[in-house]
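> Fold the following.
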Amino acid sequence: MPSHQEDRDSIDFQQYWLILQRRWLLIAVVMGSVIGLTGLITFIQKPIYEAQGKLLFNKQNNVSSLTGLSEQVGQLSGVTSLSNPLDTEAEVISSNAIVQKTITHFQLKNKTGQPLTIDAFLKQLKLKSIRGTDVMSLSYRSTNPQQATGVINFLMADYLENNIRTNRASATAAREFLSKQLPDVEERVVVAEVALRQFKEKNSVVALDEEAKTGVERLSDLSNQITKAQAALADVKSRSLALQRELKANTQQAVDLNFLSQSRSVQQVLSEYQKVQDQLAVERTRFQNQHPTIINLMSKEQALKEQLKRRVAKTLNSSQVVPEQNLQIGELKQTLTANLVQSEVERLGLENQVGVLTKEFSRFHARLGDIPRLQQKQQQLERQQQIARATYEEMLKRLQEVQVVENQNVGNARIVSEARVPKKAISPQIPLNLALGGFLGMILAVGTALMLESVDKSVKTVEEANKLLRYPLLGIIPLYTEKDTEGSEQNLELPVLNNPFSPVNAAFEMLVANLGFTVSDKTLKVIVVTSSIPAEGKSYIAANLAVATAQMGRRVLLVDADMRHPRQQKIWKLPNIVGLSNVLVAQTELQTTAQEAVINVELLTAGTIPPNPVALLDSQRMASLITEAAKDYDFIIIDTPPVCMFADAMILGKLADGILLVVRSGVVKSTVATATKTLLEQSQQRVLGMVVNGEIGGSSYGYYSSYYYEKNGSATSRRNKSKLLAQ
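Numbers count the residues shown, from 1 in each chain. Below is the predicted model:
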């Protein structure tokens, strides 16, 4: 399979080579024209010179890099991640303002003498960043080398001046903006500080973090104290209840009894009252109730009793009645009463302590619960204060830096290489232009040849003829030319006769041999030679086929049946006074009309051109003529008109053993060849095969020619042999 592909590729290459051979004159004309035009344009073109300078760009200028102001003034940076700062600066250099200033300064003009436009200037200007560096190359082309140098140097200087001016303008604008905004920012700082101070004063805030930490510890301590106090209070309450049960009095009563027992005024009155009672009891034993002594003692008793009540009420600050037996208690009861009073005092103290501790705990707990809100508010106020202060400090710092930058004369670029006057022109490059012209000419020439070849629908190769007609290929006749004595080239009508050792002769010998194989049931004696259209060389093939057959010792009759445009008499240079037409109308006989052309070849010319050749050819006389001639001659060749134009060949084909179809490469169209095949098939002609005429190159027959030349010495021997055969 690969070998088949290689063979097909080789055939395609050979086909293209044959196309180039056929179109060599057109290719030569196109290539010569393009190369000539290229050379003409190259030599009449004025030399063009190119001056080149280089700029080095810094990401930050010197001052901004020292002051840290690069983020605001003079920084080379892109707006997006895809932008290139050097490309941006290139656009600035090629801006209308700078370019127009350069054009005006040098009074640049175009070819017509008009002021040079910005677009025309930019076409001559080239800006290119050097890869891997921060250097930009600027070049300008002009027919004047001094002008090109001046333009580049002026352009770089003007750009640097514009760059410095732009940076200073940016610094001035920044200073004015900062000076205007600074008072407002300072006022915001003061407002933030006042708000924070008022917040701390209102909420008694010193250090919330420390306060929260201390508050948690204090809450824990208060909780412990409350627990202890509550435990002590419970113990005191238990003792008080026990004492109250023992005394059978409540706490207030016990206190009152204790106060009464310890009150001298009450006890004195009580003592006297008791004495009077004792005395009254003694006297009643002696006297009756109506006795003055008894009455006096009873009055005294009553007075003391009233006085005792008053003393008790005064002591207790109360009008309640206290039994007399309770006005004076024993030592044990007094001790119990004192203990009850002490327990009650302790209870009151502990209750008060628990209350105070509980209030303190609640206050601290509420404060701790409020601390997160206070912290949030404080942090917010502190953050506002910090932002305002940081903004103020930053703007104050920037203002000072901008003031420094504004007074400096700096830029982002500097010249690292000034343009020098070029000594050598960059254009035109004669060798390169001519090489390109030759390459372009070759492309155009080959393209033109291939285009014409694709437009040309003629049958160009043997392969195409085989694909279209599908008739047996009996021979390939190469194109033959030979120089005459004056050195010019001319087509020879009888190369088989004049040069029997040429490749053409070998081709006709092969044709004769192949014709012998076309008919197997009988001997081939009568053939009709025709073509699709004129100019395919059917008469040429018929004449040389007759000579080649005669050279094999056979007696040949060549009949020129093309009575519309006869050619055989011109090929053989014989008279055409009488011929085939005269024989068919019985004006003469074949034996007396046929002329000897060479040894074993007799020619029957067309004769007088009749008004209706088809009627003569389609007559019984024509059939009888062929039958009679077949008895006297070994081989009969009938030259007929083209198939697609006249019916002569198809009429005579019925009388002959077969038709030999002549195909001329580059002459017959594919459509015409197809039509010829259709006509022959429809008329049921027996086509022996086809012979391809006029093939360029001669294929394998060239080997035969060179081989024979080596055997026979020189061209002189060839000519001598041809003369002998012609005699």
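
> Would you state the strands of this structure in chain order?
49-57, 125-129, 135-142, 413-417, 473-478, 481-483, 489-491, 526-531, 556-560, 595-598, 601-604, 635-639, 658-664, 687-695 (DSSP state E).

> I'd like these laid out as TSV, including mean pLDDT.
Formatted as TSV, the strands of the chain follow (pLDDT from 0 to 100):
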stretch	mean pLDDT
strand 49-57	89
strand 125-129	90
strand 135-142	90
strand 413-417	87
strand 473-478	92
strand 481-483	60
strand 489-491	46
strand 526-531	96
strand 556-560	97
strand 595-598	94
strand 601-604	96
strand 635-639	97
strand 658-664	94
strand 687-695	90
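
> Make a markdown table from those strands and add mean neighbour count and distance to residue 33 to it.
Using the backbone N, CA and C atoms, a C-beta is placed for each residue, glycine as well. Shown next, in a markdown table, are the strands of the chain (neighbours: other Cβ atoms under 10 Å; distance: least, Cβ to Cβ, whole Å):
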| stretch | mean neighbour count | distance to residue 33 |
| --- | --- | --- |
| strand 49-57 | 20 | 31 |
| strand 125-129 | 16 | 33 |
| strand 135-142 | 20 | 29 |
| strand 413-417 | 15 | 44 |
| strand 473-478 | 21 | 32 |
| strand 481-483 | 11 | 27 |
| strand 489-491 | 10 | 25 |
| strand 526-531 | 28 | 37 |
| strand 556-560 | 27 | 46 |
| strand 595-598 | 18 | 48 |
| strand 601-604 | 24 | 48 |
| strand 635-639 | 27 | 43 |
| strand 658-664 | 26 | 30 |
| strand 687-695 | 23 | 29 |
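
> To residue 566, which of the ones you listed lies closest?
With distances scored as Cβ to Cβ, the stretch of these nearest to residue 566 is strand 556-560 (5.1 Å).

> how many degrees apart are the closest one and strand 635-639 in direction?
Computed by axes from the mean of the first three to the mean of the last three Cα atoms, to 10 degrees, the angle separating strand 556-560 from strand 635-639 equals 20 degrees.

> thinking residue 605 is in contact with residue 562, fair?
No: Residue 605 is not in contact with residue 562 according to Cβ atoms under 8 Å; the separation is 10.3 Å.

> And the closest residue in space to residue 640 that isn't next to it in sequence, how close does it get to residue 690?
The shortest distance from residue 640 to any non-neighbouring residue, by Cβ to Cβ, 6 or more residues apart in numbering, is to residue 649 (4.0 Å). The gap separating residue 649 from residue 690 is 13 Å, by Cβ to Cβ, to the nearest Å.

> Residue 114: which of the strands of the chain is closest?
strand 135-142 (16.2 Å).

> Residue 245 and residue 234, how far apart?
17 Å.

> next one: residue 413
For residue 413, the distance to residue 234 - Cβ to Cβ - is 93 Å.

> As PDB, could you dump the C-alpha coordinates of stretch 198-211?
Taking Å, rounded to 0.1, in the frame of the first residue of the first chain, the C-alpha atoms of stretch 198-211 are listed here in PDB:
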ATOM      1  CA  GLN A 198     -17.600  62.500  76.400                       C
ATOM      2  CA  PHE A 199     -18.300  58.800  76.100                       C
ATOM      3  CA  LYS A 200     -15.800  57.900  78.800                       C
ATOM      4  CA  GLU A 201     -17.000  60.700  81.100                       C
ATOM      5  CA  LYS A 202     -20.700  59.800  80.700                       C
ATOM      6  CA  ASN A 203     -20.100  56.100  81.300                       C
ATOM      7  CA  SER A 204     -17.300  56.400  83.900                       C
ATOM      8  CA  VAL A 205     -15.000  54.500  81.600                       C
ATOM      9  CA  VAL A 206     -11.300  54.400  82.400                       C
ATOM     10  CA  ALA A 207     -10.100  51.000  81.300                       C
ATOM     11  CA  LEU A 208     -13.000  48.600  80.400                       C
ATOM     12  CA  ASP A 209     -10.800  45.600  80.000                       C
ATOM     13  CA  GLU A 210      -9.300  46.000  83.500                       C
ATOM     14  CA  GLU A 211     -12.700  46.900  84.900                       C
END
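
> model confidence over that stretch, on average?
Here stretch 198-211 scores 73 as its mean pLDDT.
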